[in-house]
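A.B. asks: What follows is a protein structure lacking sequence information:
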C-alpha cells in the first residue's frame, strides 16, 4: 500500500517536473535564434555577381547548393514573397494572406503559411523554394522531400530584413537590386534617427484581442523597430509568454505603473470588430496613463508589423517614427 | 460492451448466412477499399486517373510520382493505421472497463501521449520525427500506468479504472494545454496539434509508426479470447481459469501502445476510439474475435474518409482531422444511443 502511494507520488512529480522544465527551456531556445542568424550573415556577406552552381548559407544556417539560375521560384510566406519581388524576381506561389505587391496576388495561393499545401507547391514545378525561417522551420523535412533546393529566409528584426534581401538577391542573381534596397533601408533608418528627439518616449506595443493582448519585447519585429528608433520599451527584459516569440504578457498593474507615453496596438481579429485601441480608451482604469491622456494610443498595421515583416521595413519605420516623435507635417495623432 | 452486455456474451453465435457475412465484413471492407482509392486519387491538384496510376507506378512525369507516391499514398496509409489503432484501442478499453463511454482519450492514454509529444516539441523545436512515436508511446504508457496505479486496490475494478482514467486524462490534457499555450509555436500550429491531423505526414512517419501499430493490432487479436471470458465478470472468469488481473493489464498496455502510435503521428483525433467499437458491436455483436478486427476496419475507413474531407473541403486550407471526426462522430453516437434506448 505504502509502496503504491510512493509510486503514484513519483509519477505525478515526474509530470510536473517535466512541465516545469518546459518553462526553463524557453529562454535557451530563443537565445539560440539570434546566434544562428549571425552565422547566416557572415556566410552570405559580400556576394557581388552570382555564379552557378551556387552554395549559400541560409537563415537557418543550412548550406544549400543551387545548380543553375532559378527560373521558377516558389516563395511560401508574406515575408519571402516580398523579398522575391523586392529584388526584382517573381514567385509562382504565395501564401493566402499575401496582398503586397499587387503582382504577387496572381501567384498560386498555396494556403496559410503555417500549413502550405505541398501538392500545390510541387504542381508549380519550382526549381527553387524560398521558405520562411521564422514561420516554417518545422516544415523542413516536408519541403526537402520535394527534391527542389530549399532556401530559408525570414525576418524577426530589421537586421534580418537586410540579410534576407541580400540572400534572396544573391540566389536569384539580382545582387544589384538587393544592394539598392538595403542601402535605401539603411539610409531611411539613419535619417529617422537624426530626426528623433532627445527624450525617449516610453512605448508599449501590444498585439492580440481587446480581452487578451501580449506586449512586444525588443526581441520581436515591432519591438526591434521601436528600439532602433530610440523608443524605451516598457516590456523590456520580461520573459517570453504566449505563442509569439518575443512577446510577453504584462499585468494591467505593471502597465499602469510603467506609464507609457505611447501605446501602439495591433488588433488581430475580424475586421469591424472592437480594436484594442478603442477598448483601452474607454476603460477608466487607463484614463491616467499618459498615452491615453494625450491621445497617443494608435492602431498600427497588422500586416506591416506582424504578418509581413520584410522589405517594407522602411514604410514601417516611417510610420513608427511619426508616432513616437513630432516629425514633419503630421505630428503624433 | 453495453451496460447490460456482459451476461449475453457467450450465447450461441448467430448462424453466418452469406448475406450477413457480406453485410458485416464485405460492406466495411468495400468502403475501406473505396476510401483508399479516393484518398489516393483526389487532392487539391487535379490528376486524371491515368496520371494517378502512372504516378503510382513511377512511369509518367516525376511530378505525378511526387504527388501520388510521396504525398498522398503515405498519408492514406497513415490514416488507415491511425484509424485502426484508435478503433481497436477503444474496443479493448470498453471491454476492460465494461463501460461504453471508455475510449483512449477519456482514459488518459492519448492525453499521456499528447503530453509527452508536445513536451518533446517544446523542449527541442527540432525534435527528430523518428523519436516521436517512442516518446508518444512512453507518454501513453505513463498515462496508463498512472490510471492503473490510481485505481489499484488489491485489484483493479472496472469502475475505478474508468473514474481514475477520466481524472488522469483531465490532468494530462491540462498539462498539454499549458505546454502549448506557453510555448513558442505559432497559435495556429499549436491549435492544429491539439485538434489532430495528418498535415505534412509522409513516409518518414509511416516508417516509424507502423511497427507499433501492427504489433499492437496483432497483440489485440491474441487478447480476444481472454477479453470474451473477462466479459463474463471477474468471478466467472476466474473460475474458468483466466488470470483476470493479468489479462486486464495486458489489454490496457496494448490499448496504450495503439493510442500512442496514433497520437504520435496524428495528434488528438477525437471520437474514433469511442464511436467505432459501438458501430462494430452493432454489426457483429459482443464477440471480441469479430469485434476487434471489425473495429480496425471501421476505424481505418472513418479516418481515411475524414482525412480526405479535411484536405478537400476548403482546399488549399486544411481543416483539422480531429474536428472532422468529432463532427461525424458526435451525431452518430447520439443516434446509436437513442436507437438503443
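C.D. replies: Sure, I can see it. Predicted model, so just to flag it, every value in this text is computed and none were measured.
A.B. asks: Can you give me the pLDDT of residue 26?
C.D. replies: I'll assume chain A. Looking at residue A:26, its pLDDT stands at 37.
A.B. asks: that answer is for a different chain, and I need it for chain B
C.D. replies: On pLDDT, residue B:26 comes in at 91.
A.B. asks: Am I right that it sits in a helix?
C.D. replies: Yes - looking at residue B:26 with DSSP: H, G, I helix; E, B strand; the rest coil, it is inside a helix.
A.B. asks: how about the helices in the stretch 151-300 of chain B?
C.D. replies: With DSSP state H, counting those that start in this stretch, the ranges of helices along the stretch 151-300 of chain B come out as B:158-181, B:187-195, B:203-230, B:234-239, B:244-266, B:272-284, B:288-312.
A.B. asks: Lowest average confidence across those helices, which one?
C.D. replies: Minimum mean pLDDT among the helices of the stretch 151-300 of chain B: helix B:187-195, a mean of 59.
A.B. asks: give me the number of residues near the residue lying closest to residue B:23 once chain neighbours are set aside?
C.D. replies: The shortest distance from residue B:23 to any non-neighbouring residue, by Cβ to Cβ, 6 or more residues apart in numbering or on different chains, is to residue B:283 (7.1 Å). Every C-beta, even on glycine, is put in place using the N, C-alpha and C of the backbone. Residue B:283 has 16 neighbouring residues, counting by other Cβ atoms under 10 Å in any protein chain shown.
A.B. asks: again, but for the one 4 residues further on
C.D. replies: A count of neighbours around residue B:287, defined by other Cβ under 10 Å, yields 18.
A.B. asks: swap in residue B:165?
C.D. replies: Using other Cβ under 10 Å, the number of residues around residue B:165 comes to 30.
A.B. asks: still on that earlier bit, in a markdown table: the helices of the stretch 151-300 of chain B, plus distance to residue A:155.
C.D. replies: Listed next are the helices of the stretch 151-300 of chain B as a markdown table, based on distance: least, Cβ to Cβ, whole Å:
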| stretch | distance to residue A:155 |
| --- | --- |
| helix B:158-181 | 25 |
| helix B:187-195 | 19 |
| helix B:203-230 | 29 |
| helix B:234-239 | 64 |
| helix B:244-266 | 32 |
| helix B:272-284 | 41 |
| helix B:288-312 | 30 |
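A.B. asks: Point me to the residue of chain B nearest chain A.
C.D. replies: residue B:316 (3.8 Å; Cβ to the nearest Cβ).
A.B. asks: dump the residue contacts of that residue.
C.D. replies: By Cβ atoms under 8 Å, 6 or more residues apart in numbering or on different chains, the contact list for residue B:316 reads A:96, A:109, A:110, A:111, A:116, A:117, A:120, B:44.
A.B. asks: Residue A:193 - that's part of a helix, no?
C.D. replies: Yes - under three-state DSSP, residue A:193 falls within a helix.
A.B. asks: Tell me how many other residues surround it.
C.D. replies: Residue A:193 has 13 nearby residues by other Cβ under 10 Å.
A.B. asks: do residue B:160 as well
C.D. replies: With other Cβ under 10 Å as criterion, residue B:160 counts 17.
A.B. asks: Run through the residues that contact it.
C.D. replies: Residue B:160 touches B:150, B:151, B:153, counting by Cβ under 8 Å, 6+ apart.
A.B. asks: now residue A:247
C.D. replies: Counting by Cβ under 8 Å, 6+ apart, residue A:247 has contacts A:207, A:214, A:215, A:216, A:217, A:220, A:240, A:241.
A.B. asks: Same list, the residues you listed, but as CSV with pLDDT please.
C.D. replies: Converted to CSV, the contacts of residue A:247 look like this (pLDDT from 0 to 100):
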residue, pLDDT
A:207, 90
A:214, 89
A:215, 92
A:216, 93
A:217, 93
A:220, 93
A:240, 78
A:241, 76
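A.B. asks: Using the three-state scheme, assign the residue of chain B closest to chain A.
C.D. replies: Classification of residue B:316 by three-state DSSP places it in coil.
A.B. asks: And it, how far from residue A:76?
C.D. replies: 12 Å (Cβ to Cβ, to the nearest Å).
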